[in-house]
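Sequence first, predicted coordinates after that:
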Amino acid sequence: MTGASTDPEILALLRSLANPWDDPDLVGTVNAGVGELAAALGIRFVEVGRDRVRATMPVVGNRQPFGLLHGGASAALAETVGSIHAVLIAPPGQVGLGTELSCTHHRAVTEGTVEAVCTPLHIGRTMVTLEIAIRDEADRRVCTARLSCLLRAPR
């Protein structure tokens with residue numbers, strides 16, 4: 001476990017910030033509120049920027065019965081990184097809500113840590129599309145994901 005808070009107030013804080021980029025410890029703020037699933041998977045953000053968001057996840061503890069990194073864990077990592085990126089690049093007063101996630105798994109991983117790097121493919125007025133590349137410690141692509149998020153005001 002990462003010890004990260006699952007307090008939904010952190011996400012509310014990020015959504016309410018006029019400019020989240022003014023937070024001197026934005027990575028720490030994001031890590032403090034990653035949510036229950038991300039905390040259980042051991043996801044830790046290491047870089048949060050307008051053009052790129054990076055996070056890591058351990059393989060051990062996230063394997064399927066055959067000892068390989070679970071595809072669902074890769075999907076959860078991709079959606080976590082992409083959703084945080086969408087929230088941060090959304091216009092003030094809006095959030096990004098995932099509408100589609102597509103994952104292609106390229107190779108198996110049995111140990112170590114994987115890193116997800118999220119970059120925007122399209123930022124529109126109502127929709128963002130992001131690519132998330134997940135790589136192993138040898139910098140080999142493990143999974144490629146694409147996440148589309150609707151931009152709208154929270155209810």
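Received it, and whenever you're ready, just let me know what you need.

so what does the biggest helix by length in the chain touch, helix or strand wise?
Longest helix in the chain by number of residues (criterion: DSSP state H): helix 71-89. If you count contacts as 3 or more Cβ pairs under 8 Å, 6 or more residues apart in numbering; DSSP states H and E, helix 71-89 packs onto helix 8-16, helix 36-41, strand 44-48, strand 53-58, strand 95-105, strand 113-123, strand 127-135, strand 141-152. To be clear about C-beta, it is placed using only N, CA and C from the backbone, and glycine gets the same treatment.

bridging residues for Val95?
Arg152 (DSSP bridges).

ok, and the closest non-adjacent residue to Pro58?
Gly42 (4.7 Å; Cβ to Cβ, 6 or more residues apart in numbering).

and the one you found, what pLDDT?
At Gly42, the predicted lDDT confidence score is 98.

My read is that it contacts Val59, right?
No: look at Gly42 against Val59 with Cβ atoms under 8 Å: they stay out of range, at 9.5 Å.

if we can go back for a sec, what angle separates the longest helix of the chain from strand 141-152?
Here helix 71-89 points in a direction 40 degrees away from that of strand 141-152 (axes from the mean of the first three to the mean of the last three Cα atoms, to 10 degrees).

Please identify the buried residues of helix 71-89?
Under the neighbour-count criterion of 16 or more other Cβ atoms under 10 Å, helix 71-89 has 73-89 buried.

what about the residue of the chain most remote from its centre, distance to Arg140?
Relative to the centre of the chain, and counting by Cα atoms, centre = their mean, the farthest-placed residue is Phe66 at 25.4 Å. According to Cβ to Cβ, to the nearest Å, Phe66 and Arg140 sit 19 Å apart.
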